[in-house]
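A.B. asks: coords please:
(2 chains)
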Protein chains: 2
Amino acid sequence: MKRTSRDIRTANRYEVLRQIIAASPTSRQELAVATGLSLATVATLVGELLDLRMITEVGFEDSAGGRPRGLVAVDSAGGALIGVDIAETYVHVELFDLALNVLARAEEDVRPGESLPEQVVGHVAAAVGSVVAQAGVEAARVLGVGVSVPGQVDRDTGLSEYAPNWDWHDVPLLDLLAEHIAYPLYLDNPLRACAVAELWFGAARGHEDAVVVNLGTGVGAGLVLGGGLHRGVSNSAGEWGHTTLVLDGRLCHCGNHGCVETYVGAPGIMLNLRELSPRSPLLHPGDQTATIDALARGVQAGDPVAVKVVRDTARYLGAAVADLVNLLNPEVVVLSSWVASRLGEPLVLEVREAVARHALRRPLAATEIVLSPIPTDPVCLGAATFALEGALQSVGQRGPRRAAPAKGRTAPPS
Amino acid sequence: MKRTSRDIRTANRYEVLRQIIAASPTSRQELAVATGLSLATVATLVGELLDLRMITEVGFEDSAGGRPRGLVAVDSAGGALIGVDIAETYVHVELFDLALNVLARAEEDVRPGESLPEQVVGHVAAAVGSVVAQAGVEAARVLGVGVSVPGQVDRDTGLSEYAPNWDWHDVPLLDLLAEHIAYPLYLDNPLRACAVAELWFGAARGHEDAVVVNLGTGVGAGLVLGGGLHRGVSNSAGEWGHTTLVLDGRLCHCGNHGCVETYVGAPGIMLNLRELSPRSPLLHPGDQTATIDALARGVQAGDPVAVKVVRDTARYLGAAVADLVNLLNPEVVVLSSWVASRLGEPLVLEVREAVARHALRRPLAATEIVLSPIPTDPVCLGAATFALEGALQSVGQRGPRRAAPAKGRTAPPS
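C.D. replies: Numbering: from 1, shown residues only, chains lettered A, B, ... in the order given. Below is the predicted model of the structure:
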């Protein structure tokens, strides 16, 4: 319950490593300036990261007249991290070095009807094996595997409690994965993966309060509050997709009516298009990706139907993002995930206008609305970051944590 | 930006004092158990509070076979705190001792047409003078005056940026008050006052994540996240009353349509009644208080129109509270302020049912919905608590902070 000095140390350790990753090589003095921490605190944290072999001493720089300053940099070879993005139609896996550069990628299609937990686990295990082999890293150097699965998850027990698109209920996903994967495993969902990716490497870096709006098949909002991820009491915070925008509106698979997701998730956008122009050639029934791509191309080409659908979607999105702005008063709202990246700046411009019509003046003036600047799959990056955080939390405990394959569950200690 | 060890110390100091207020007399050992802090940390914080004369040593208790343990208690006579609740139709002022017992009260009516800033300031100054005189406390013992004013406030500059019901814009309220009041002044709004009152003394005590839903003329949600008040980047978080529940619904004074406030604020409830039964004797046109009181009595008497209006209101409220549950995943939702306390348990029962229809299973199972247990005006109590927090933040600085009357602004250092 209580925030302890141990939590603070962990948060500061994250912050120092974030800064080193962003600006290697760097000196302890520069780190102190960049993080606002004292030089003594920075020196202690740098020492811990050196002991963990996550960073390394790389020489000295002259300081005007003073003693030469020691420089540190991420030790890319100090370990590997794996991020797994389990989505409705695919499994993406990426292997990263400690500077979070992608060293290898693998992708497996999940075909309709292949959505049994064992089938999905098989895809993940195959893709994880593939990236380790491709990158040629030793097993002992893999510090952890972060796994993102849509829906509600219990990270402590490794359970996928509810995955709406596959109707999974209480699937012991980490236990199943641990039968095939011997590395420490960390489970969470795409909302929080995208949020932590933005917090470490993207548009939320250095901000106390940020909202990462995830626009895909499902939608949600990863919440960065007080400089860290807000999880809520049972790790389900961020279900903005299931807040009511239109009381008694469209039926949602959650059972409620008028949820945000039914208007701005990919299937909702398809419905917006169908309502406007039922026989539009932009509509690819049953194929969300093709339809969103067609809309994106249509907007570029000035197709009036495509422009109108994006505007209608932005009207819903604007009202719903304004709710986040009014309620949470964040510094930045980041639009992330595949629908946002495919519709791109034209969507962002429309959303900014729509938010301005709905939000209160004071929080609106304090908020920026931007597209995610992360060029790769933010879910893989965020999932790998959970594994990195797990490794960092092990500092000061008896050696790095390693999950025994039989146990599998490696939720970080809280 | 960065959360520092100084912030942690301040939060821990709050927690220790909260615990002492709740359970005086108490020992350092009991405090360590109750707060989860180390005995050494508790001893340091208790020492600071003793130095501040906020608490006092009151004797010893036997510990089974060990050394007698020193007991401490709040030093009620160690200082006085004043809370000011400026509302649309009245100014309430209460003077508290350091255990937050009410020692004196004053109330001034604010008549329609009397809402110029100078007129309101006159009422506040008169009531503050009255409570100090009634309680017979020396001026030097008044540690501070917390002032709550509806709408958006800038606590650092003491500005009422926007008070919708009076159409105030950028009123330098603390500067105006400081011309009459020589005590340190702290400005905030009723949302945050109610939230901090629940956090210190009510249903949010000991919780990390709580939402305090304020149901009055205006509505909003004070957010307790990570064990502290979430203010947002420009101190305007919590404007849940201005989130969209019915896209293109009722016009709100904020300019948006379909805001939560237009359905569940007191004027919105009057409209719910008028739509159901335009000539109902329950309706007192132009008098919110009389109408809400008539509804409360009607529900008690089983009047079908009153029951239906409360059910309709709870339907809106349920969907909107479910949004908070899904988005923030709090441990507790507290219904506070005058509309909630007058409609009471019948409203809470209906709201619980309506939330259960709208919220996701996982966050719903983790959340309690309760009526505020605070028996007095929570806004006065919360405002006084801001003054107490201000006094506690001064620890370690050069002596307690005292605002010079000419300056007036006493926002706590950040």
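
A.B. asks: So what's the residue count around residue A:112?
C.D. replies: 8 (other C-beta atoms under 10 Å in any protein chain shown). (Glycine included, C-beta is placed from N, CA and C.)

A.B. asks: separation between the closest residue to chain B within the stretch 251-400 of chain A and residue B:252?
C.D. replies: With C-beta to the nearest C-beta, the shortest gap between the stretch 251-400 of chain A and chain B falls at residue A:329, namely 2.3 Å. In this view, residue A:329 and residue B:252 are 18 Å apart by C-beta to C-beta, to the nearest Å.

A.B. asks: Low-confidence stretches in chain A?
C.D. replies: By pLDDT under 70, the low-scoring segments of chain A are A:1-5, A:394-414.

A.B. asks: swap the cut-off to 50 and go again
C.D. replies: When residues are selected by pLDDT under 50, those of chain A lie in A:1-2, A:398-414.

A.B. asks: isn't residue A:390 right next to residue A:187, touching?
C.D. replies: No - the pair residue A:390 / residue A:187 is not scored as a contact, 10.8 Å apart, by C-beta atoms under 8 Å.

A.B. asks: More neighbours: those two, which one.
C.D. replies: Higher neighbour count among residue A:390 and residue A:187: residue A:187, with 27 against 24, using other C-beta under 10 Å.

A.B. asks: Tell me how chain A divides into domains.
C.D. replies: For chain A, the structural domains run A:5-74, A:78-193+A:377-393, A:205-371, going by automatic domain parsing.

A.B. asks: Quick one: end-to-end distance for stretch A:168-179.
C.D. replies: 19 Å (C-alpha to C-alpha, to the nearest Å).

A.B. asks: Can you mark which positions in it are buried?
C.D. replies: Neighbour counts over stretch A:168-179 (16 or more other C-beta atoms under 10 Å in any protein chain shown) mark A:168, A:171-178 as buried.

A.B. asks: the helices in the stretch 51-200 of chain A, which residues?
C.D. replies: A:117-135, A:173-178, A:190-201 (DSSP state H, counting those that start in this stretch).

A.B. asks: Could you check how many residues crowd around residue A:373?
C.D. replies: With other C-beta under 10 Å as criterion, residue A:373 counts 13.

A.B. asks: In a helix, it, correct?
C.D. replies: No - read with DSSP: H, G, I helix; E, B strand; the rest coil, residue A:373 is coil and lies in no helix.

A.B. asks: Report the contact partners of it.
C.D. replies: A:202-203 (C-beta atoms under 8 Å, 6 or more residues apart in numbering or on different chains).

A.B. asks: For residue A:329 and residue B:252, indicate the residue with more neighbours.
C.D. replies: Neighbours per residue (other C-beta under 10 Å) separate residue A:329 from residue B:252, with residue A:329 holding more: 26 against 20.

A.B. asks: Give me the distance between the more buried one and residue B:239.
C.D. replies: 8 Å.

A.B. asks: what residues do those two have in common as contacts?
C.D. replies: The contact lists of residue A:329 and residue B:239 share residue A:363, where a contact means C-beta under 8 Å, 6+ apart.

A.B. asks: my read: residue A:257 touches residue A:251, true?
C.D. replies: Yes - applying C-beta under 8 Å as the test, residue A:257 and residue A:251 come out as touching, 5.7 Å apart.

A.B. asks: Of these two, which one has the most company?
C.D. replies: For the pair residue A:257 and residue A:251, the greater number of neighbours falls to residue A:257 (17 against 12), based on other C-beta under 10 Å.

A.B. asks: Of all the domains of chain A, which one is nearest residue B:274?
C.D. replies: Checking those against residue B:274 by C-beta to C-beta gives domain A:205-371 as the closest, at 18.8 Å.

A.B. asks: Just give me how far the closest one sits from the chain centre.
C.D. replies: Mean-position distance between domain A:205-371 and its chain equals 16 Å (C-alpha atoms, centre = their mean, to the nearest Å).
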